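Enquirer: With the sequence up front, the predicted model follows.
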Amino acid sequence: MKNKLRLALQLLFLGAIGYVAVRPMFDGRFLRDFEKYCPFGGIASLVSKLSQGTMACTMGEVQVALGVGLLFGALVVGKLFCSYVCPIGSIGEWLGKLGAKFKVRMEMPGLLDRPLRALKYVLFFLTVYFTMTSSELFCKKFDPYFATANLFGNRDSVLYFALPALAIVVLGSIFFRLFWCRYLCPLGAVSNIFLNVIGAGTVIIAFVIAKMAGATLGYVWLVGGLTVSGLVMELGFMRSFFTPIPRITRNTTTCTDCGSCDRHCPQGIAVSKFVKVTHIDCTLCADCVYSCPGGTTLTIQKRKSLVYLPPLAVLALVALSLGASTMLDFTTLSKRWDNFSELKKVEVYKRTGLKQVKCYGSSMALKAKLQTVEGIVGLDTYASSHSVRIYYDPERISEKKVAASLFSPTREQVRAIPSPPPKTFSICDVGVYKLFDAYDFLYLLHSFKKDEGIYGFETRHGEPVRVSVFFDPEKTGASNIIQRIEAKEVQLPVNQGKGVNTVKINFKTEDNGKVSGQLTLAQFKQRMFKTYDCEFNRYSSHKQEKLSAFVFPMPEAAVLRFRRAFGLLSSHLSADNGVVRFSTRFFDVPSGIVLFDPSATDIEKVKKALGQPKLTVFLTSDKTKEFTNPFHIESEGKVVPAAELNLDGAASGDENP
């Protein structure tokens, strides 16, 4: 291969991907992110932003800037991404050479070539449509690069989409020239759409004029129009017209028709038939220029020196796109409610470092939580920077309460109680800065595990956050607890405990901690107990005084690994229309509680359901599946009036599912 610059860039970008893949093996603090520089994800997410006002998944400014840079490059310079950067394109090209070497590669028959090219436009439209209507990046479900780079371990990849896609890339490239790129790649479709500026420009201008004239057209019409324009231009003409500006040109006077350019073109273009190469598949790779033995017979814009333009343009576009991304600020989610536009005064509370704000889904979960808080009227989230802006009415809620609404208190038991147990548990109260969300609590939990004298902790809102640490005074003390809080890093188990991931932490304490009291073993167990609560069968329509409660010992209610099964048990119990709620509480011992209407069912049916060896779980309203019952519930217990338990009051501050 004479075009060593292109090969060097291809290897450079593939090497960067390989580096991301292997770095966690020697740097546990590094987290793989194979979509961090995804230009197509940025393009699809930008359409989602225009249509829904929300960015897709973890897409942010970098991906959008790279996507726009790619489209600008295709329009002005050519489809450089396809020939210099794309990992699928590079590997597909090399596999094609392998197929040619073993003489198994064939050219697609002309009768099939053009119809098959339509497939990538169909895939492009579907991918963008599902992304813009769900704000979730649909291409991750089938993207062979994303699936392979993550070793098919990412939950966003759908195996029955991704595996066939990978097989098509590999086998298609061996037996047919660049099969994926030519016939299925949605990024190839969008590049061709903007390469033909006449069609794309006409559609965009028509859409803008229609919108200005008052037409209620959604962005799906714009995407559809662009798709059709690209499809018609490619299948109808197989060429680009006015763009890109630089073209491969052939000097017909000095050309000897040796055919070297045709043989070396990765796209299989008959370069020797053109004076100026306008074929839609040309990516300005310049392999034909390098292969030409005729000196200046093949050039770019009649200048041999411009052979260096494509690689330099690739580097410049990447650099400019990354630079432009630092000047952009896209919201992942931007929502307003509660007559926002009619409010006389709205103030903004800003918060950074919220690691749980990492995508559209988590942003929506936060919105659902804040929408229930009186006085909060809007939310902007920024997944790329893990930050939020909360809009609130200062006449109805204070800034302090807005901050508190973001906070979810937690309690965590650090380790199991040994036998014999500690004589007493002391309490160390300390204020901790930069401790706020669920990820922070997880890091603190694993840091505390390094001190064998620490058994649990709980948090409550404050500035700084207040933390109560429960410890054995015979094994550790306040100074050791402060050291664990202010540790520089923490190790988290990964791959089901087979490895560790080292994460940097930066918590700071307000003071040296204050030992404020002691707990007995029973008090400690009650303090650490996490309640579960699930209502069903129109629970809210029942009057408390007419309900009964079956209260029974349930040791599993205090064991963390059983919490996932509570939902199965609740679904199983809901099959009896007379049962309306299942809860857990600590009444001297961990206990389960089933609330039921004695006029619709009886205690014997409830006990029988609890003791079944199989739990019948509702997957949908009419579809069920059986699971082994992990609970060993004895029939002893007592039936009391539900009103006596005051469950809603007792549950205050506890965790619900």
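Expert: Perfect, thanks for sending it. Please read these numbers as outputs of a predicted model, since none were measured by experiment.
Enquirer: So residue 595, which state does it fall into?
Expert: Recorded secondary structure, residue 595: strand (DSSP: H, G, I helix; E, B strand; the rest coil).
Enquirer: From what I see, it and residue 578 are in contact.
Expert: No. At 9.9 Å, residue 595 does not count as touching residue 578 under the criterion of CB atoms under 8 Å. In this view, the C-beta of every residue, glycine as well, is placed from N, C-alpha and C.
Enquirer: So for these two, which sits in the more crowded spot?
Expert: Neighbour count, other CB atoms under 10 Å: between residue 595 and residue 578, residue 595 has more, with 24 against 17.
Enquirer: in the sheet, who's paired with the residue lying closest to that one once chain neighbours are set aside?
Expert: Spatial nearest neighbour of residue 595, chain neighbours left out: residue 581 (4.0 Å); criterion: CB to CB, 6 or more residues apart in numbering. Bridge pairing for residue 581 (DSSP bridges) gives the partners residue 535, residue 595.
Enquirer: is it true that residue 581 touches residue 532?
Expert: No. Using CB under 8 Å, residue 581 is not in contact with residue 532, being 10.9 Å away.
Enquirer: any residues in contact with both of the two?
Expert: The contact sets of residue 581 and residue 532 do not overlap (CB atoms under 8 Å, 6 or more residues apart in numbering).
Enquirer: burial count for residue 78?
Expert: Around residue 78 there are 27 residues (other CB under 10 Å).
Enquirer: Give the helix, strand or coil label for the residue of the chain most remote from its centre.
Expert: Here the chain reaches farthest from its C-alpha mean at residue 253, the gap being 56.5 Å by CA atoms, centre = their mean. Assigned with three-state DSSP, residue 253 falls in the coil class.
Enquirer: That one and residue 274, how far apart?
Expert: 15 Å (CB to CB, to the nearest Å).
Enquirer: how many other residues sit next to the residue lying closest to residue 304 once chain neighbours are set aside?
Expert: Among residues not flanking residue 304 along the chain, residue 296 sits closest, at 5.2 Å (CB to CB, 6+ apart). Number of residues near residue 296 (other CB under 10 Å) recorded here: 12.
Enquirer: doesn't residue 307 make contact with residue 296?
Expert: No. Applying CB under 8 Å, one finds residue 296 not in contact with residue 307, separated by 10.7 Å.
Enquirer: bridging residues for residue 376?
Expert: Using DSSP bridges, the bridge partners assigned to residue 376 are residue 392.
Enquirer: From the chain's centroid, how far away is the helix of greatest length in the chain?
Expert: Assignment by DSSP state H gives helix 110-134 as the longest helix of the chain. What separates the centre of helix 110-134 from the centre of its chain is 24 Å, taken as CA atoms, centre = their mean, to the nearest Å.
Enquirer: Would you mark the buried spots in it?
Expert: By neighbour count on 16 or more other CB atoms under 10 Å, the buried set for helix 110-134 is 117, 120-121, 123-125, 127-132, 134.
Enquirer: which one among the residues you listed gets closest to residue 515?
Expert: For the buried residues of helix 110-134, the closest approach to residue 515 (CB to CB) belongs to residue 134, at 51.5 Å.
Enquirer: Just name the shakiest helix or strand of the protein by mean pLDDT.
Expert: Scoring the helices and strands of the chain by mean pLDDT, DSSP states H and E places helix 647-650 at the bottom, with a mean of 68.
Enquirer: hey, where'd the helices end up in the stretch 51-200 of the chain?
Expert: Counting by DSSP state H, counting those that start in this stretch, one finds helices in the stretch 51-200 of the chain at the ranges 61-76, 80, 87-101, 110-134, 144-149, 159-175, 179-183, 186-195, 197-212.
Enquirer: relative orientation of the third one and helix 186-195 in degrees?
Expert: Comparing the axes of helix 87-101 and helix 186-195 via axes from the mean of the first three to the mean of the last three CA atoms, to 10 degrees yields an angle of 100 degrees.
Enquirer: How about the last one?
Expert: Here helix 197-212 runs at an angle of 80 degrees relative to helix 186-195 (the same axes, to 10 degrees).
Enquirer: Show me what helix 197-212 is packed up against.
Expert: Here helix 197-212 touches helix 186-195, helix 219-237, going by 3 or more CB pairs under 8 Å, 6 or more residues apart in numbering; DSSP states H and E.
Enquirer: Most tightly packed of those helices?
Expert: The highest mean neighbour count among these, using mean count of other CB atoms under 10 Å, belongs to helix 186-195: a mean of 26.
Enquirer: what's the spacing between that helix and its chain's center?
Expert: With CA atoms, centre = their mean, you get 25 Å for helix 186-195.
Enquirer: Contacts for it next, please.
Expert: By CB under 8 Å, 6+ apart, the surrounding residues in contact with helix 186-195 are 39-40, 43, 70-71, 74-75, 78-79, 81-82, 86, 120-121, 123-124, 127-128, 139, 181-182, 199-200, 226-227, 229-230, 233-234, 240, 243-244, 280.
Enquirer: got CSV for the helices and strands packed on helix 197-212, with mean pLDDT and distance to residue 168 too?
Expert: What follows is the helices and strands packed on helix 197-212, written out as CSV (pLDDT from 0 to 100; distance: least, CB to CB, whole Å):
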stretch, mean pLDDT, distance to residue 168
helix 186-195, 95, 13
helix 219-237, 95, 20
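Enquirer: In this structure, where is pLDDT below threshold?
Expert: Within the chain, the segments meeting pLDDT under 70 span 1, 27-31, 495-498, 649-657.
Enquirer: Helices along the stretch 251-400 of the chain, start to end?
Expert: Using DSSP H, counting those that start in this stretch, the helices assigned to the stretch 251-400 of the chain run over residues 260-264, 287-291, 309-325, 360-370, 399-406.
Enquirer: With mean neighbour count and distance to residue 64 as new columns, can those helices be given to me in a markdown table?
Expert: Putting these into a markdown table (neighbours: other CB atoms under 10 Å; distance: least, CB to CB, whole Å) gives the following:
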| stretch | mean neighbour count | distance to residue 64 |
| --- | --- | --- |
| helix 260-264 | 19 | 36 |
| helix 287-291 | 22 | 31 |
| helix 309-325 | 17 | 7 |
| helix 360-370 | 18 | 14 |
| helix 399-406 | 17 | 27 |
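Enquirer: Output those helices in JSON lines; the columns should cover distance to residue 338.
Expert: Shown next, in JSON lines, are the helices of the stretch 251-400 of the chain (distance: least, CB to CB, whole Å):
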{"stretch": "helix 260-264", "distance to residue 338": "65"}
{"stretch": "helix 287-291", "distance to residue 338": "61"}
{"stretch": "helix 309-325", "distance to residue 338": "34"}
{"stretch": "helix 360-370", "distance to residue 338": "11"}
{"stretch": "helix 399-406", "distance to residue 338": "14"}
